[in-house]
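Undergrad: sharing a model that was predicted from the sequence below.
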Amino acid sequence: MTKSPDTLRSGELVTTAAARDMLAQERPKITPARIGYVAIAIAILVYAGRLSDLNFVELFQGSGTMVEYITRYFPPNFTNWRSYLQDTLETVAMGIWGTLLSAILAVPLAILASGNICPPWVVFPVRRVLDAMRAINEVVFALIFVVAVGLGPFAGVLALFVHTAGILAKLFSEAIEAIEVGPVEGIRATGASQVQEIIFGVIPQVVPLWTSFTLYRFESNVRSAAVLGIVGAGGIGVSLYQSFRAFEYQEVCAIMIILIVTVAIIDTISAKLRQRLV
């Protein structure tokens, strides 16, 4: 049975009117408050640009000198590649242990920092501790631990451990606060304790995200560990700093190429692991 043209026109008019209503609802309304927010954001950007001394004209004018400086790095000098490779493996080992220890500590800290699990009087101080752990850079922690345990990679592992634990605990707690409450309520209905609710209702939901966050931080920690050698915390950073001080730019280039290849390999492997686990 075919519909009459009048019926079709009526249906089209209804559909068009409904579409207009939806577009009108989705279209953002310009209000004085939103204009004020935009003005405040622009003012903050301008003020931050002044404090940061942004000057792109000066950057353009100095580009020739920058290119001339970069040419001193080539060709790279791989004469001591065995030593650089050994230092790079030490850097990767620092990243592995720093990430592993931080992930272990981050789990209880994340639970204590989750507002949907713990009361505010527990969440607030734990989050402030995590803020401090994240705010202090790994280099500063490395300086502290070098004084405590001496020069070497162990100080770098401890620095990565403390700083990364603060980052992972923050990410882990956000994942916990975004879980579905249904599985937790189902386990609670069986008479389970709060610890059992966390083990069987919370952790299974967040393990994939936790794994992804940990793998990403491992990549970041390898890069960070390469810098910690500047303050005597072991790894390839020691050789990098010595080459810079000796103006051996071609050796610096070789070290950076080895680092880039190492990080690329780690990134490829961790991406495949995330695809399998997440």
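TA: Received it, and whenever you're ready, just let me know what you need.

Undergrad: walk me through the regions of the chain where pLDDT falls short of the threshold, as ranges.
TA: Counting by pLDDT under 70, the chain shows low-confidence ranges at 1-28, 277-278.

Undergrad: centroid residue for it?
TA: The centroid of the chain falls nearest to residue 217 when counting by C-alpha atoms, centre = their mean (6.2 Å).

Undergrad: dump the residue contacts of it.
TA: By C-beta atoms under 8 Å, 6 or more residues apart in numbering, the residues touching residue 217 are 99, 102, 164, 167, 168. Where you see a C-beta, it was placed from the backbone N, CA and C, and this is true even at glycine.

Undergrad: next structured bit after the top helix by length along the chain?
TA: Taking DSSP state H as the criterion, the chain has its longest helix at helix 81-112. Next helix or strand after helix 81-112 toward the C-terminus (DSSP states H and E): helix 120-135.

Undergrad: next, the angle from the next helix or strand after that following helix to helix 81-112.
TA: Using DSSP H and E, the next helix or strand after helix 120-135 towards the C-terminus is helix 138-149. Between helix 138-149 and helix 81-112, the angle formed by their directions is 100 degrees, by axes from the mean of the first three to the mean of the last three C-alpha atoms, to 10 degrees.

Undergrad: helix 138-149: which residues count as buried?
TA: Using 16 or more other C-beta atoms under 10 Å as the test for burial, helix 138-149 gives 138, 139, 141, 142, 143, 145, 146.

Undergrad: and that helix, what does it pack onto?
TA: For helix 138-149, the packing partners by 3 or more C-beta pairs under 8 Å, 6 or more residues apart in numbering; DSSP states H and E come out as helix 153-177, helix 203-228.

Undergrad: could you export those helices as a markdown table, including distance to residue 57?
TA: Putting the helices and strands packed on helix 138-149 into a markdown table (distance: least, C-beta to C-beta, whole Å) gives the following:
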| stretch | distance to residue 57 |
| --- | --- |
| helix 153-177 | 37 |
| helix 203-228 | 31 |
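
Undergrad: please identify the deepest-packed of those.
TA: helix 153-177 (a mean of 23; mean count of other C-beta atoms under 10 Å).

Undergrad: re the thing from before, quick one, the longest helix of the chain and helix 153-177 angle?
TA: Computed by the same axes, to 10 degrees, the angle separating helix 81-112 from helix 153-177 equals 40 degrees.
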